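Asks: what shape does this take:
(one chain, ligands or ions: 2)
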Amino acid sequence: MDSNLLQAQAGLWNLTLGYLKSMSLKCALDLGIPNIIDNNGQPMTLSQLHSVLSLHPSKKSPLRRVMRLLTYFGFFIEKSSAGVGEEVYDLTTQSRLVTQKDKSTNMLALIRCLLDNTWVKPSQYIGDWFVQDEKEVPAVLAHGCTFWELASQEPKVNKMFNDAMVSGSCLLNDVIVKHGDDIFKGIKSLVDVGGGKGAMAELIAKSFSHVRCTVLDLPNVVGDCPNNGIVKFVSGDMFTYVPPADIVLLKWVLHDWNNEDCIRILRRCKEAIPSREAGGKVIVCEAVVGSTSAMISEEPQLLLDMLMLTLTEGGERDENQWKSMFIEAGFSSYKIINTTGFMSIIELYP
Ligand SMILES: C[S@@+](CC[C@H](N)C(=O)[O-])C[C@H]1O[C@@H](n2cnc3c(N)ncnc32)[C@H](O)[C@@H]1O
Ligand SMILES: O=c1cc(-c2ccc(O)cc2)oc2c(O)c(O)ccc12
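Replies: Numbers count the residues shown, from 1 in each chain. Ligands and ions are numbered 1, 2, ... in the order given. I've put the predicted structure just below:
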């Protein structure tokens, strides 16, 4: 048999059934397996897991199959344990990302959100969306309204999304703080445009006390955020007005919007900052497709791009796409100052 053909067939199986990786992960999180192993303080056998979960005896073999798949993909590790007579399962670096006690380094809220039906359902409508003329995104076909409308109408979705954004930032936050001495040198003020509940701004304000931090976001996001003396919250629309500051931060905002809207947002941001000589700059934190740090493939960038396609009019862009947008918005130059995992930090100069 032609080995190319067999490889192609295996690849097709992977592509077809890949969603079951996500759903097996969802199952493990629904059951709370990573936390059960973490709380146990040592690796657990299948029998122990089955017993702690109080599952019906008939579910022991299916549980083994879920554990086998997640072990295959590196979420758990299976170790042989002398004396126990059964394999034991332990956490890996991957699963520890959802068990961290410190909320600011725990990705659980993001992962649970991305696996929730509100986020998953629109992906089933991509084909239908392609063949209709309306400009609406697949999420509108799935939910009858845009993702943003849904979040503003349903407090549960709004909370899930805002918590997800905080938890998704964990590793990037560290990098921003690490590079902060360079980024924030001589800077007095920063406005985080579309800054959500202010987690990033608060971290910057606490780490660099000479920087006064403001968050601009929509009323349904920051309306109930108390001015805590660390960060100032401003309700508003970034298409209309961005409060003046030395630095404007745009983290995971531009990937929500099409090119024309991004250019409008970037122009408002440019109006808000002083000249380059006076330290004015815009900092964009986004994926630059094709640019990742060592050993990290661009697969997560391509998958995030598809998520954006289902939920928003935006998407993940490569360096050429970013460059033309920055020029069109009136910036003189840009520098990719860091690429962490699959996300980059880009400085734009007026
Ligand atoms: C993907 S979230 C990113 C949140 C935050 N920057 C972070 O990294 O966690 C995009 C944010 O843009 C905000 N947003 C959307 N439209 C906006 C507008 N017209 N003016 C201000 N903020 C807006 C949303 O409410 C949301 O908080
Ligand atoms: O559901 C999401 C998730 C993101 C997201 C996930 C992971 C990252 O590293 C960055 C961003 O962004 C979203 C977004 O911008 C949006 O408008 C809706 C949903 C999501």
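Asks: what's near enough to touch Lys270?
Replies: Val282, Ala329, Gly330, Phe331, Pro350 (Cβ atoms under 8 Å, 6 or more residues apart in numbering). C-beta coordinates here come from the backbone N, C-alpha and C atoms, glycine included.
Asks: where does the residue nearest to the third one when sequence neighbours are not counted land in three-state SS?
Replies: Put plainly, it is Gly330. Ranked by Cβ to Cβ, 6 or more residues apart in numbering and with sequence neighbours excluded, the top spatial neighbour of Gly330 is Lys270, at 5.6 Å. For Lys270, the assignment made with DSSP: H, G, I helix; E, B strand; the rest coil gives helix.
Asks: how much space between Lys270 and Arg68?
Replies: 53 Å (Cβ to Cβ, to the nearest Å).
Asks: which SSE is immediately downstream of the helix or strand bottoming out on mean pLDDT in the chain?
Replies: Lowest on mean pLDDT, DSSP states H and E among the helices and strands of the chain sits helix 170-178, with a mean of 78. Downstream of helix 170-178, the next assigned helix or strand under DSSP states H and E is helix 180-183.
Asks: which residues touch the helix or strand that that next one is followed by?
Replies: Using DSSP H and E, the next helix or strand after helix 180-183 towards the C-terminus is strand 189-193. If you take Cβ under 8 Å, 6+ apart as the criterion, strand 189-193 is touched by 184, 198, 200-201, 204, 211-216, 234, 238, 242-251, 253, 265, 269, 272.
Asks: distance-wise, check the residue nearest to Gly330 relative to Pro244.
Replies: 11 Å.
Asks: same check on Glu298?
Replies: Taking Cβ to Cβ as the measure, Glu298 and Pro244 are separated by 37 Å.
Asks: quick one, which of the two is more surrounded?
Replies: Neighbour totals were compared for Glu298 and Pro244, and Glu298 leads with 17 against 14 (other Cβ atoms under 10 Å).
Asks: tell me the contacts of the more buried one?
Replies: Applying Cβ under 8 Å, 6+ apart, the residues contacting Glu298 are Val289, Gly290, Thr292, Phe342.
Asks: can you pull the pLDDT of whichever residue of the stretch 151-300 of the chain sits closest to ligand 2?
Replies: Using Cβ to the nearest ligand atom, the single residue of the stretch 151-300 of the chain nearest to ligand 2 is Asp256, 4.0 Å away. pLDDT for Asp256: 96.
Asks: surely it and Thr312 touch.
Replies: Yes - between Asp256 and Thr312 there is a contact under Cβ atoms under 8 Å: 4.5 Å.
Asks: enumerate every residue touching Ile33.
Replies: Neighbour list for Ile33: Leu49, Leu53, Met67 [criterion: Cβ under 8 Å, 6+ apart].
Asks: tell me the buried residues within those.
Replies: Among the contacts of Ile33, the ones that count as buried by 16 or more other Cβ atoms under 10 Å are Leu49, Met67.
Asks: quick check, nearest of the contacts of Ile33 to ligand 2?
Replies: The closest of these, once distances to ligand 2 are taken by Cβ to the nearest ligand atom, is Met67, at 26.1 Å.
Asks: check the secondary structure at the residue lying closest to the closest one once chain neighbours are set aside for me.
Replies: Nearest residue to Met67, sequence neighbours excluded (Cβ to Cβ, 6+ apart): Tyr89, at 5.7 Å. Three-state assignment for Tyr89 (three-state DSSP): strand.
Asks: beta-bridge partners for Tyr89, please?
Replies: With DSSP bridges applied, Tyr89 shows beta-bridge pairing to Met44, Glu78.
Asks: neighbours of it, how many?
Replies: Counted with other Cβ under 10 Å, Tyr89 comes out at 25.
Asks: pretty sure it sits against Ile77.
Replies: Yes - with contacts counted by Cβ under 8 Å, Tyr89 reaches Ile77, the gap being 7.2 Å.
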